[in-house]
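J.: curious how this folds, go ahead:
(one chain, ligands or ions: 1)
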Amino acid sequence: MGLNIFVLTGAGISSESGLGTFRDASGIWTQYDLSEVATPEGFARDPAKVRAFYNARRANLAKAGPNPAHVALARLRRDLAARGGRLFLCTQNVDDLHEQGGGADVVHMHGELTVTRCHGCGATWPDREALSGETPCAACGAVGTARPHVVWFGETPLRMDEIEEALEEADLFVAIGTSGSVYPAAGFVSRARRLGIRTCEINLAPSDNARAFDERRYGPATEVVPAWVDEVLRDG
Ligand code: BJW
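T.: Numbers count the residues shown, from 1 in each chain. Model (predicted):
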């Protein structure tokens, strides 16, 4: 059996692609009130404000492309698989830069910006256009129910059973570009440690969770991730 690696990514991996992080000095939560734009209550109060926020995020994503960190993880997945190993790539990011960088089977635990969901019937469809309160749902015909297919505070993250199973099977847990401040993702490192799995943090600077990791590597993801992938594939 080859090496089985669980990678968790956060906003930091896409920051050098021009997408903002949430909690850095000029992050998204310094410009927007998260209770207004990233909670079901905020959407119920002012759906037009929430749609405008996500329309701006869709427009930013349309201008962005994958960076060497996304591409390196896609290479890691292919090369591990060729050696009988596995990369389980779980991202908190709602962008599709892992896929654009050649990645596949990416688990988006906080949903996808390029998918719209009907708040009424739950139907989802791929959509890169601006969200509108007027377009009827193609499945149930309801009007005014279109929302981004993302996980807001207080909602249940996606594919949690699959994630837990993959953690249990991993030999190594690596968190890349995440502040470790949002649960349940922030708890994966302690879960991995309880399971006896080696853990590594890759970040620009130590995260809130830094001391929980066995190994730490600091610097821009576009430099540190490709170097780490080279090392894993050379030594593994
Ligand atoms: C670089 C870099 C470079 C920069 N190179 N690195 C009290 C205690 C515990 C929990 C709770 C609590 N009260 C409420 C909760 C639960 C709540 C929570 O965690 N709240 C905390 C704030 C305390 N969580 C939830 O509500 C979640 N649901 C839930 O728990 O359901 C119950 C349940 C659990 C388990 C099973 C079943 C049910 C839902 C959370 C939803 C989060 N949603 C968002 C928005 C998504 C849509 C969107 O994008 O708009 O997800 S919030 C936002 O934060 C987004 C991100 O995915 C998430 C994490 O942020 P991330 O990625 O870590 O970004 P940053 O900005 O924080 O960090 C960036 C990092 O990159 C930094 O460390 C930089 O240093 C680094 N960096 N440049 C490398 N170039």
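J.: find the nearest non-adjacent residue to Ala185, please.
T.: Distances taken as C-beta to C-beta, 6 or more residues apart in numbering place Gln92 nearest to Ala185, at 5.4 Å, with adjacent residues excluded. Heads up, the C-betas are built off the backbone N, CA and C, glycines and all.
J.: tell me, how many residues neighbour Thr21?
T.: Residues near Thr21, counting by other C-beta atoms under 10 Å, number 20.
J.: surely it meets Trp29?
T.: No. Applying C-beta atoms under 8 Å as the test, Thr21 and Trp29 come out as separate, 9.2 Å apart.
J.: now for the residue nearest to Ala185, how many residues are close by?
T.: Neighbours of Gln92 (other C-beta under 10 Å): 23.
J.: heads up, I number from 880, so please use that
T.: OK, 880 is where the count begins now, so the last one is Gln971.
J.: wait, what's in contact with it?
T.: Leu887, Thr888, Gly889, Ala890, Met988, His989, Thr1057, Val1061, Ala1064 (C-beta atoms under 8 Å, 6 or more residues apart in numbering).
J.: same thing but 10 Å
T.: 887-890, 892, 901, 987-990, 1030, 1036, 1054, 1056-1058, 1061, 1064-1065 (C-beta atoms under 10 Å, 6 or more residues apart in numbering).
J.: and the helix ranked longest in the chain, which residues are buried?
T.: The single longest helix within the chain, with elements called by DSSP state H, is helix 926-942. The neighbour-count check on helix 926-942 (16 or more other C-beta atoms under 10 Å) flags Pro926, Val929, Arg930, Phe932, Tyr933, Arg936, Arg937, Leu940 as buried.
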